[in-house]
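K.L.:
Kindly generate the corresponding structure for this input.
(one chain, ligands or ions: 1)
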Amino acid sequence: MGSPETTRSIGLLATGGTIAVAPPTTGNQDHVGVAALTPPAPDLPERIEVVPRDVLGRSSRKLTVDDLWTLATAVDEEIAAGRDGVVITHGTDTLEETAYALALLVEPRVPVVITGAMRSPHHSGPDGPANVRAALVAAADPSLAPYGPVVVFQDEVHVARLVTKMHSARVAAFASPAAGPVGFVAEDEVELLLGPAPGTDRLPRSNPPTARIGLVHAATGVDGSAADALTSDPGTVDGVVVAALGAGHVSPSLGAALVRLARAGTPVVVTSRCPDGALLRETYSGGGSEMDLRRSGLHFASTLSAPKARLRLLFGLSAGIPLDELFPTRRPVRG
Ligand code: ASP
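P.N.:
I've put the predicted structure just below:
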């Protein structure tokens with residue numbers, strides 16, 4: 001925890017989203033950035049000095065992977081400028097993906113905190129000011145740096161790998177189903193409950209993203225045509241991520257199509273559409289089972305959600321990192 005006397009300089013990078021909507025604007029979340037947040041928190045502890053900057057003034061649904069690269073560069077610039085921490089305000093719809101992209105791209109030398117709002121500033125009970133305030137307090141605490149980028153929402157601290165938007169409208173929108181928050185903010189202090197996760201998600205920051213990754217969502221009756229459609233024109237995609245059923249299963253028809261793809265050299269990465277739990281290795285067999293898919297050369301993404309695995313594959317392939325390093329296999333499937 002930082003000494004209360006030490007002044008902490010925090011870079012505040014504003015993108016768009018509900019947190020950045022200014023009256024009388026209602027639907028448009030594109031153009032108002034830092035101005036909507038001034039002062040970001042009137043009762044902020046004196047030790048926290050805020051240096052605001054507008055970066056990408058648009059709703060999170062409009063952000064591209066190039067924008068994520070731009071944002072990572074902006075975070076690096078803030079760190080290079082000597083900031084003690086960085087806060088990013090962001091639309092909530094893709095906030096968890098941006099948090100994970102920063103976990104891939106930014107060396108966590110200082111705390112990097114992402115937050116947003118579910119209610120715009122001119123609605124009753126706006127949550128943006130309180131979220132920004134808590135995020136600034138968190139970013140001022142150097143003990144958060146080793147956690148990599150974190151999401152602070154409703155005074156909870158969530159790591160980028162695990163956090164997800166659980167509710168489409170309530171202010172308590174974010175959770176980490178696998179482990180819960182790693183800490184919380186109370187009375188202008190961060191209280192940590194869990195240590196940083198082992199390992200790192202970081203990738204070398206060499207090339208801007210160029211790879212195109214398709215996403216297939218498994219469901220009852222979703223067959224091989226879902227994968228075939230993605231790859232009907234050669235060169236349409238460089239890789240495919242599957243949000244599989246349960247512990248890593250798809251219909252036999254979809255499984256066969258994915259295996260064809262993998263055998264033809266297209267990276268295929270399996271995740272689960274369940275928000276929590278492991279991908280199995282050797283429990284179920286037969287067409288479309290985890291054993292079938294693993295033995296046929298598909299890669300499995302451990303606990304990453306499909307959107308986050310897609311970013312890992314996208315940035316990793318763009319940087320020329322081998323698939324086995326991006327999604328390592330702990331041990332081969334028996335039999
Ligand atoms: N549509 C908004 C966005 O993600 C929603 C929000 O910020 O809560 O940009």
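
K.L.:
closest point of the stretch 201-335 of the chain to the ligand, which residue?
P.N.:
Closest contact between the stretch 201-335 of the chain and the ligand, by CB to the nearest ligand atom, is at residue 307 (13.4 Å). C-beta: built from backbone N, CA, C; applies to glycine.

K.L.:
what's the helix or strand for the residue nearest to that residue when sequence neighbours are not counted?
P.N.:
Spatially, and ignoring its direct neighbours in sequence, residue 307 is nearest to residue 97 (5.2 Å; CB to CB, 6 or more residues apart in numbering). For residue 97, the element it lies in under DSSP states H and E is helix 95-105.

K.L.:
which ones are touching the closest residue to residue 102 other than its chain neighbours?
P.N.:
Of all residues not flanking residue 102 in the chain, residue 149 sits nearest, at 4.1 Å (CB to CB, 6+ apart). Contact analysis of residue 149 by CB atoms under 8 Å, 6 or more residues apart in numbering lists 99, 100, 102, 103, 106, 108, 112, 113, 114, 160.

K.L.:
of those residues, closest to the ligand?
P.N.:
Using CB to the nearest ligand atom, these come closest to the ligand at residue 114, 11.7 Å.

K.L.:
Quick check: the closest one vs residue 182, distance?
P.N.:
Between residue 114 and residue 182 the distance is 14 Å, computed by CB to CB, to the nearest Å.

K.L.:
low-scoring stretches of the protein, by residue?
P.N.:
Residues of the chain meeting the criterion pLDDT under 70: 1-5, 22-40, 234, 332, 335.

K.L.:
Around the ligand, pick out the residues from it.
P.N.:
Selection of the chain residues close to the ligand by CB under 6 Å from any ligand atom yields 16, 17, 18, 29, 59, 60, 61, 91, 92, 93, 116, 118.

K.L.:
Let's see the PyMOL selection covering just the buried ones among these.
P.N.:
Applying 16 or more other CB atoms under 10 Å to the residues of the chain next to the ligand, the buried members can be selected in PyMOL as follows:
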select buried, resi 16+17+18+29+59+60+91+92+93+116+118
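
K.L.:
Restricted to helices, list the residues of the chain next to the ligand.
P.N.:
Secondary structure assignment by DSSP state H places none of those in helices.

K.L.:
out of the residues of the chain next to the ligand, who's nearest residue 293?
P.N.:
residue 93 (29.9 Å; CB to CB).

K.L.:
quick one: the nearest residue to the closest one once chain neighbours are set aside from residue 281, how far?
P.N.:
Distances taken as CB to CB, 6+ apart place residue 60 nearest to residue 93, at 4.6 Å, with adjacent residues excluded. Residue 60 sits 35 Å away from residue 281, going by CB to CB.

K.L.:
Then residue 288?
P.N.:
15 Å.

K.L.:
Between those two, tell me which one has more neighbours.
P.N.:
A count of neighbours by other CB atoms under 10 Å puts residue 288 above the other of residue 288 and residue 281, at 21 against 18.

K.L.:
Pick out the residue in the stretch 1-150 of the chain sitting closest to the ligand.
P.N.:
Closest point on the stretch 1-150 of the chain to the ligand, by CB to the nearest ligand atom, is residue 91, at 1.9 Å.

K.L.:
Tell me the spacing between that residue and residue 307.
P.N.:
14 Å.

K.L.:
Ok, residue 92 next?
P.N.:
14 Å.

K.L.:
Same question for residue 185.
P.N.:
Separation of residue 185 from residue 307 (CB to CB) stands at 26 Å.

K.L.:
between the two, who's got more neighbours?
P.N.:
Shown here are residue 185 and residue 307; by other CB under 10 Å, residue 185 has more neighbours (23 against 16).

K.L.:
Which neighbouring elements make contact with the helix or strand encompassing that one?
P.N.:
Assessed by DSSP H and E, residue 185 sits inside strand 183-186. The contact analysis (3 or more CB pairs under 8 Å, 6 or more residues apart in numbering; DSSP states H and E) places strand 183-186 against helix 128-139, strand 156-159, strand 189-192.

K.L.:
a markdown table for these, including mean neighbour count?
P.N.:
Converted to a markdown table, those look like this (neighbours: other CB atoms under 10 Å):
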| stretch | mean neighbour count |
| --- | --- |
| helix 128-139 | 26 |
| strand 156-159 | 24 |
| strand 189-192 | 17 |
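
K.L.:
got the ones you listed as JSON lines, with distance to residue 12 columns?
P.N.:
Listed next are the helices and strands packed on strand 183-186 as JSON lines, based on distance: least, CB to CB, whole Å:
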{"stretch": "helix 128-139", "distance to residue 12": "7"}
{"stretch": "strand 156-159", "distance to residue 12": "18"}
{"stretch": "strand 189-192", "distance to residue 12": "18"}
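
K.L.:
Out of the ones you listed, which is closest to residue 311?
P.N.:
strand 156-159 (15.2 Å).
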